[in-house]
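**Q** Okay, structure incoming, though there's no sequence with it:
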Ligand code: UD1
Ligand code: MG
């Protein structure tokens, strides 16, 4: 099995944030989470080592709570990328297999690319493979220096490069695959005699060549995948790139999306064919949307939402943790949270599932069975069940279970005072 090392100890000064860089989120998933999941989704890796340093406690806690096959290793102080990787040496002393090294701030890397990268490394019997990319503007990246026979000689950092080397457009993407048993010795030989006085991970390439190892480069096909996040601007750009890819996948799969520019769909959402997503819809978290549904305009799905086929979620409807069966409509101005709703239900405009009790700080469930009709502007105070076929009159506040096929209505009596306007206001 494969191991991964994910570098995440750096400071991320340009984020100008109290949150560590790798814990910034796109669609409620951290940058680090995207990288770990990309590795996990290759199906090749059994353990991920995350190198932490800056605000280590917060990243450690996040990893512990979210990823069972990941563990953190502290790097303090941070003396460079080579030093960062060397922190795992005590944990992998006897490991004999491949190690992939990645950065925690490149959330767009895909499992397909990592898999192909590792497979090519194995196919070529490579000991050390570096991922490269061709950039029209290679400034700030390490440059790949090739030998006259085309094989990789070394990587030179921008700050150490000659004018000639700076003109090289093939850059180091920062992702590596190592035959661990053969390359681990490099980490005790790294020196800091460079412009930044750091232990450069990139120096393992030269080391590999000196030891007569098979050193290769794999050229990345889609440069977007190594887009690194250094600022809030980059964060918004990465979110747009990710969203665009997701939207294109759904369009290819037969989902109608009226306006890709104003529609946001999280990577963990599946949508059945012939569903239509109307403009200005925001879908975050993990959701399953059936076929022939209509979502939006201006709808907000907040995660853990399952919609069967032919469900309508209309404008200004917010849905969270909800299971909604087929042919049910909630067309306007509604909040549906922590609920199970049957099929052929109509949820009137302005309906609220009041799921939160501020005294106990607990959330409770609303259950609405098949064929129920909820009148406009009703509040359903959870925990509550509205049984099959019941009707709730408009403007009702429902605080206890309603039996099947009953009418439930709470409403102040209507008072009409004839001639009142003429008497008082005219
Ligand atoms: C590095 C590469 C460069 C490559 C670029 C790709 C080196 C010496 N250079 O440069 O060739 O083109 O990545 O993005 O490796 N980190 C630690 N501990 C440290 C230092 C860094 O964990 O002591 C982490 C950072 O948090 C970051 C990653 O390593 O996630 C890369 O570090 P960074 O300083 O951004 O390296 P670059 O200068 O970009
Ligand atoms: Mg960098």
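**A** In hand now; what should we look at? These numbers were taken from a predicted model, which means no experiment stands behind them. Ligands and ions are numbered 1, 2, ... in the order given.
**Q** Could you tell me how far residue 119 is located from residue 126?
**A** Separation of residue 119 from residue 126 (Cβ to Cβ, to the nearest Å) stands at 11 Å. The way it works is simple: take the backbone N, C-alpha and C, and place the C-beta from them, glycine included.
**Q** The two: which is more packed in?
**A** The neighbour comparison of residue 119 against residue 126 (other Cβ atoms under 10 Å) goes to residue 126, with 21 against 14.
**Q** Surely that one touches residue 205?
**A** No. Residue 126 is beyond contact range of residue 205, at 11.8 Å (criterion: Cβ atoms under 8 Å).
**Q** okay, and the common contacts of the two?
**A** residue 215 (Cβ atoms under 8 Å, 6 or more residues apart in numbering).
**Q** For stretch 110-128, buried residues please.
**A** By neighbour count with 16 or more other Cβ atoms under 10 Å, stretch 110-128 contains the buried residues 110, 111, 113, 114, 115, 117, 118, 121, 126, 127, 128.
**Q** Grab the two from the residues you listed that are most spread out in space.
**A** Checked with Cβ to Cβ, the buried residues of stretch 110-128 reach their widest spread between 110 and 127, with 24.7 Å between them.
**Q** Now residue 188: closest residue in space, sequence neighbours ignored.
**A** Leaving aside its sequence neighbours, residue 188 sits nearest to residue 86 (Cβ to Cβ, 6 or more residues apart in numbering; 7.6 Å).
**Q** does that neighbour really touch residue 199, like I thought?
**A** Yes. Between residue 86 and residue 199 there is a contact under Cβ under 8 Å: 7.3 Å.
**Q** list residues touching both of the two?
**A** residue 190.
**Q** Show me what counts as buried in stretch 46-58.
**A** 47, 48, 49, 50, 51, 52, 53, 54, 55, 56.
**Q** ugh, typo on my part, it should be stretch 62-72
**A** For stretch 62-72, burial by neighbour count (16+ other Cβ under 10 Å) applies to 62, 63, 67, 70, 72.
**Q** next one: stretch 201-220
**A** Quick answer for stretch 201-220 (16+ other Cβ under 10 Å): 201-209, 213-218, 220.
**Q** from those residues, which two are the most distant?
**A** The most distant members of these, if one measures by Cβ to Cβ, are 207 and 220, lying 23.1 Å apart.
**Q** just checking, residue 248 is part of a strand?
**A** No. Under DSSP: H, G, I helix; E, B strand; the rest coil, residue 248 sits outside any strand and is assigned helix.
**Q** List the contacts of it.
**A** Applying Cβ under 8 Å, 6+ apart, we find residue 248 in contact with residue 260.
**Q** Could you tell me how far it is located from residue 65?
**A** Taken as Cβ to Cβ, the span from residue 248 to residue 65 is 33 Å.
**Q** Show me what the helix or strand hosting residue 182 is packed against.
**A** Element membership for residue 182 (DSSP states H and E) is helix 180-183. In terms of contacts (3 or more Cβ pairs under 8 Å, 6 or more residues apart in numbering; DSSP states H and E), helix 180-183 is packed against helix 203-210.
**Q** How far does the helix it packs on sit from its chain's centre?
**A** With Cα atoms, centre = their mean, to the nearest Å as the basis, helix 203-210 stands 35 Å off its chain's centre.
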